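K.L.:
Any chance you can model this:
(2 chains)
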Amino acid sequence: MAKKKSSSDWEYASAPETTAVNIAKRYDHFINGKWTTPSNKKYFATTSPSTGRKLSEVAEGSKKDVDTAVKAARVAYNGAWGKMSGRERGKYIYRIARLIQERAREFAIIETMDGGKPIRESRDIDIPLAANHFFYNAGWADKLEYAFPNMPVKSLGVAGQVIPWNFPFLMAAWKIAPALATGNTVVLKPAETTPLTALKLAEVIADAGLPDGVVNIVTGAGETGAAIVNHPDVDKVAFTGSTGVGKLIQKSVAGTDKKITLELGGKAANIILEDAPIDQAVEGVVNGIYFNQGHVCCAGSRLFVQENIYDEVMWKLKQRMDTLVIGDPLDKNTDVGAINSKEQLRTIKRYIKQGLKGGADMYQPECDLPIKGNWFPPTVFTNVAQSSIIAKEEIFGPVLAVQTFRTVSEVIEKANNTPYGLSAGVWCDKGSRLFQVTGALDAGVVWGNTFNKFDPTSPFGGFKESGYGREGGLHGLGAYLDLPL
Amino acid sequence: MKTGNRASVRGDDFRNSPPVDYVGIVERAERFTARSIKSITKRAGLNMVLNMIDLTTLEGADTPNKVRQLCYKAEHLHDSIPGLPTTAAVCVFPPFVKTARDALGDKSPVKIASVATYFPSGHTTLKSKLEETKRAVSDGADEVDMVISRGRFLSGDYNYVFDEIAAVKEACGDARLKVILETGELATLDNVRRASDIAIHAGGDFIKTSTGKIASAATIPVTLVMLLAIRDHYAKTGKMVGMKPAGGISKSKLALHYLVMVKETLGEKWLTNQWFRFGASSLANDVLMQVAKLESGHYQAAQYFSKD
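P.N.:
Numbering: from 1, shown residues only, chains lettered A, B, ... in the order given. Here you go, the predicted structure:
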């Protein structure tokens, strides 16, 4: 059943999403409820990673712009928003959620154009889940006393939020929704390669009639992010991104009384035990590492297979990889889209070289990649050592490193033998063993017989160098309150 | 091959069939329905669907004339559209096999499938089941659709079920055997997998989901579990086994989702009526409506398509 294409094959015809969307030629910052030109008058381009085409240009945020935004947020906090009852706040947040649902298709398309992820994912996961985060947090806005009984619930003030390029819209929702529900105001910076949907969210926020300055969106690169983090009038810093930048942020807030949550990198173990339902486990492995081209901090990038089922697992995994459709992310049939940026593509290629140099065996399905844009095929490495770089470092691409194990204690030791601790997965048919293994893994999220499942009600976050603090659920709300804990 | 293979697995413990995770199967099943089938792909797919149908009538009220009409329809699906294939087979009760053979003759590409073994309940002696099977084959059936003894299966008597299938297979002679698991009565996907393994090892040429006589018939998740059993068997032995979902598939779009599932699970090799069938009575007309729409650009009313 090896894949050899012939002319008689029944191939899917392309089915691109063709709904027209409105992307302006140029976007300013969204500060104090108004589109505001950058103080230095500078803009930079944002391009589509699947075509290389320029989509728009966005403002480059200077220190001055960030200062204006933080001041606006402070005024809003001291004014209307800070004094508003939870019930009233909740109404605004519900309104945002509903407006997102109404424009879901538009946002999904723009997310896919700007970020390169398949429309199937942005349509079915990113955008609906973002709306759900607003719905979930809206419900808590007037019930915070019950969420944290016997504690005074006091908001923090101005939250500075810096988000990554892998889930641009979802991360914005993930950060803004709990901040608003708890009565804080926000200055948010989207990633420089994927700013468009956050700016679309600004449109929604304006349409929802939020008081001016409650949510401010400033675009820019690392320096703009640093200006937010270092601004003396920011009370809370929330960052999702690389461990390297997370460490810098941690240093820069040391000695201040800023509260901070960090959601950083990961190198998750996905463990298949001998009695697992193998076909479903393989499906979980594919969803674990090739979802969003592997640009997922909780991606299951290390696969551990019990040695007596290794051959079967690998045969089935390769066969499943052969059926993945790679190409135009706007095509509804596409499973794996474009790599987010040229820089990230270079990083992935560097790791591939190191993997091959280290003697690992590589498998990639036969597929024709588009010529324009940033592309990398789903890849699996076997014959990988625990000490090899591809098994140790976060690649943040569609690259899986496979190891085998004999005993449960061995795999627990190997799985935990990493500086990261964000997520893990275990596949096993026997309930008692499933709980034994999942309980022993040092990771913030551990999935049993599934992978990469997210829900607004569930806290998400890491151990060790994967960061600290939780987002989602009650824990996520608590991170935006001054609780006497 | 038949007896040798059977003897070697006769002692297998079918309790050891691989486990199936319901949530995972349903999730994978949903992915097949998200594939977009358009234009050329759709037209080619619809032709394939027509060519894979076992055009079926299994009613107490069946008459020889109804069967003759069914046979005509199988060969002439909709003559106003040239180039349409025939269906794969007609599927009838044993007393109508002769009628169907008379109507189709010996040279028709349309096969004659007969249900046997006291379809749909299967509640009779092995002797009667074998007699009925032999009569259907000697009357001219190319294929026999048997039902397994679900009661024995659910009580854990897997060897009985295995032996019964093997005996019917022997009674079939050259006719191909389709083994109906009646998955709607098997309660769990683990049971569906186990029954699939038994049917395949006992010599079934096809495994089939349902009789169509109870409410719960073919579904994509159930069919996926059976396809995975076929795939695992092929990987181990190199022997291909066919699949026939039956009951509940009456719309073209759903049928195309099934083809996507076959393609992505078993590969292109299975996309022929030699290895994949739809057991259906009303599917053909829905497909014909879609084909007519692709040809003419607009939908025609149901009354333009013959009801048989």
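K.L.:
which residues touch residue 169?
P.N.:
Let's take chain A. Counting by Cβ atoms under 8 Å, 6 or more residues apart in numbering or on different chains, residue A:169 touches A:107, A:111, A:122, A:126-127, A:130, A:197-198, A:200-201. Heads up, the C-betas are built off the backbone N, CA and C, glycines and all.
K.L.:
wait, I meant chain B there
P.N.:
By Cβ under 8 Å, 6+ apart, the residues touching residue B:169 are B:2, B:177, B:202-204.
K.L.:
The residue of the stretch 51-200 of chain A found nearest chain B is in what secondary structure piece?
P.N.:
Residue of the stretch 51-200 of chain A nearest chain B, by Cβ to the nearest Cβ: residue A:120 (6.1 Å). Using DSSP states H and E, residue A:120 maps to helix A:119-121.
K.L.:
Determine the set of other helices and strands touching the helix or strand just after that helix.
P.N.:
Next helix or strand after helix A:119-121 toward the C-terminus (DSSP H and E): helix A:127-140. Counting contacts by 3 or more Cβ pairs under 8 Å, 6 or more residues apart in numbering or on different chains; DSSP states H and E, helix A:127-140 packs against helix A:86-102, helix A:104-115, helix A:168-181.
K.L.:
what pLDDT, on average, does helix A:127-140 get?
P.N.:
Confidence for helix A:127-140, expressed as mean pLDDT, is 98.
K.L.:
Buried residues of that helix, list them for me.
P.N.:
The neighbour-count check on helix A:127-140 (16 or more other Cβ atoms under 10 Å in any protein chain shown) flags A:127, A:129-140 as buried.
K.L.:
That helix to helix A:168-181, inter-axis angle?
P.N.:
Using axes from the mean of the first three to the mean of the last three Cα atoms, to 10 degrees, the inter-axis angle of helix A:127-140 relative to helix A:168-181 is 0 degrees.
K.L.:
what is the orientation angle of helix A:127-140 with helix A:86-102?
P.N.:
Following the same axes, to 10 degrees, one obtains 170 degrees for the angle between helix A:127-140 and helix A:86-102.
K.L.:
Which neighbouring elements make contact with the following helix or strand past helix A:127-140?
P.N.:
Following helix A:127-140 in sequence order, the next helix or strand is helix A:144-147 (DSSP H and E). Applying 3+ Cβ pairs under 8 Å, 6+ apart, one finds that helix A:144-147 contacts helix A:473-478.
K.L.:
and the helix it packs on, what other elements does it pack with?
P.N.:
The contact analysis (3+ Cβ pairs under 8 Å, 6+ apart) places helix A:473-478 against helix A:144-147, helix A:168-181.
K.L.:
what's the offset of the first one from the middle of its chain?
P.N.:
So the one you mean is helix A:144-147. On the basis of Cα atoms, centre = their mean, to the nearest Å, helix A:144-147 sits 28 Å off its chain's mean C-alpha point.
K.L.:
again, but for stretch A:289-300
P.N.:
Offset of stretch A:289-300 from its chain centre (Cα atoms, centre = their mean): 9 Å.
K.L.:
and that stretch, is it in reach of chain B?
P.N.:
No. Against chain B, stretch A:289-300 shows no contacts by Cβ under 8 Å from any Cβ of the partner chain, the least distance being 12.1 Å.
K.L.:
so how far does that stretch reach from one end to the other?
P.N.:
Stretch A:289-300 stretches 5 Å from its first residue to its last (Cα to Cα, to the nearest Å).
K.L.:
Mind giving me the ChimeraX select for the contacts of residue B:169, buried ones only?
P.N.:
Selecting only the buried entries of the contacts of residue B:169 in ChimeraX, with 16+ other Cβ under 10 Å as the criterion:
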select /B:177,202,203,204
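K.L.:
Kindly present the contacts of residue B:169 as TSV, with separate columns for secondary structure and distance to chain A.
P.N.:
Putting the contacts of residue B:169 into TSV (DSSP: H, G, I helix; E, B strand; the rest coil; distance: Cβ to the nearest Cβ, whole Å) gives the following:
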residue	secondary structure	distance to chain A
B:2	helix	24
B:177	strand	24
B:202	coil	23
B:203	coil	22
B:204	coil	20
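K.L.:
For my notes, please list the contacts of residue B:169 in TSV and give distance to residue A:478 for each entry.
P.N.:
Formatted as TSV, the contacts of residue B:169 follow (distance: Cβ to Cβ, whole Å):
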residue	distance to residue A:478
B:2	67
B:177	63
B:202	60
B:203	63
B:204	59
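K.L.:
pLDDT for the contacts of residue B:169 - can I get that in CSV?
P.N.:
What follows is the contacts of residue B:169, written out as CSV (pLDDT from 0 to 100):
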residue, pLDDT
B:2, 35
B:177, 98
B:202, 97
B:203, 97
B:204, 98
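K.L.:
which residue packs closest to the residue in the stretch 1-150 of chain A that chain B sits nearest to, ignoring adjacent ones?
P.N.:
Using Cβ to the nearest Cβ, the single residue of the stretch 1-150 of chain A nearest to chain B is residue A:15, 3.4 Å away. Excluding the flanking residues, the one nearest residue A:15 by Cβ to Cβ, 6 or more residues apart in numbering or on different chains is residue B:36, at 3.4 Å.
K.L.:
count of neighbours near that neighbour?
P.N.:
For residue B:36, the count of nearby residues is 17 (other Cβ atoms under 10 Å in any protein chain shown).
K.L.:
Hmm, it is touching residue A:333, no?
P.N.:
Yes. Using Cβ atoms under 8 Å, residue B:36 is in contact with residue A:333, at 5.5 Å.
K.L.:
between the two, what contacts are shared?
P.N.:
A:12, A:15.
K.L.:
where does chain A have low pLDDT?
P.N.:
Scanning chain A for pLDDT under 70 picks out A:1-8.
K.L.:
and if we set it to 90?
P.N.:
Applying pLDDT under 90 to chain A flags residues A:1-9, A:13, A:18, A:367-368, A:484-485.
K.L.:
and it, which of its residues are near chain B?
P.N.:
Contact residues (Cβ under 8 Å from any Cβ) of chain A with chain B: A:1, A:3, A:6, A:8-13, A:15, A:120, A:124, A:275-281, A:283-284, A:315, A:323, A:331-333, A:429, A:449-450.
K.L.:
Cross those residues against helices and list the overlap.
P.N.:
The members of the residues of chain A next to chain B that map onto helices under DSSP state H are A:120, A:278-281, A:283-284, A:315.
K.L.:
Tell me the spatial nearest neighbour of residue A:279, not counting adjacent residues.
P.N.:
residue B:228 (5.3 Å).
K.L.:
what's the burial count for whichever residue of chain A sits closest to chain B?
P.N.:
Residue nearest to chain B within chain A: residue A:280 (2.8 Å; Cβ to the nearest Cβ). Neighbour count for residue A:280, taken as other Cβ under 10 Å: 23.
K.L.:
do the same with residue A:407
P.N.:
Neighbour tally, residue A:407, other Cβ under 10 Å: 10.
K.L.:
How many residues are close by residue A:183?
P.N.:
For residue A:183, using other Cβ under 10 Å, the count is 24.
K.L.:
Now it: which helix or strand?
P.N.:
Here residue A:183 is assigned to no helix or strand, by DSSP H and E.
K.L.:
So, low pLDDT: which residues of the stretch 1-150 of chain B?
P.N.:
Along the stretch 1-150 of chain B, segments meeting pLDDT under 90 span B:1-16, B:39.
K.L.:
Tell me which residues touch the spatially most central residue of chain A, please.
P.N.:
Central residue of chain A (Cα atoms, centre = their mean): residue A:167, 4.0 Å from the mean position. Counting by Cβ under 8 Å, 6+ apart, residue A:167 makes contact with A:126, A:174, A:292.
K.L.:
make it 7 Å
P.N.:
Counting by Cβ atoms under 7 Å, 6 or more residues apart in numbering or on different chains, residue A:167 makes contact with residue A:126.
K.L.:
so what's residue B:69 up against?
P.N.:
Contacts for residue B:69 (Cβ under 7 Å, 6+ apart) come out as residue B:308.
K.L.:
what comes up buried for stretch A:431-442?
P.N.:
Neighbour counts over stretch A:431-442 (16+ other Cβ under 10 Å) mark A:434, A:437-438, A:440-442 as buried.
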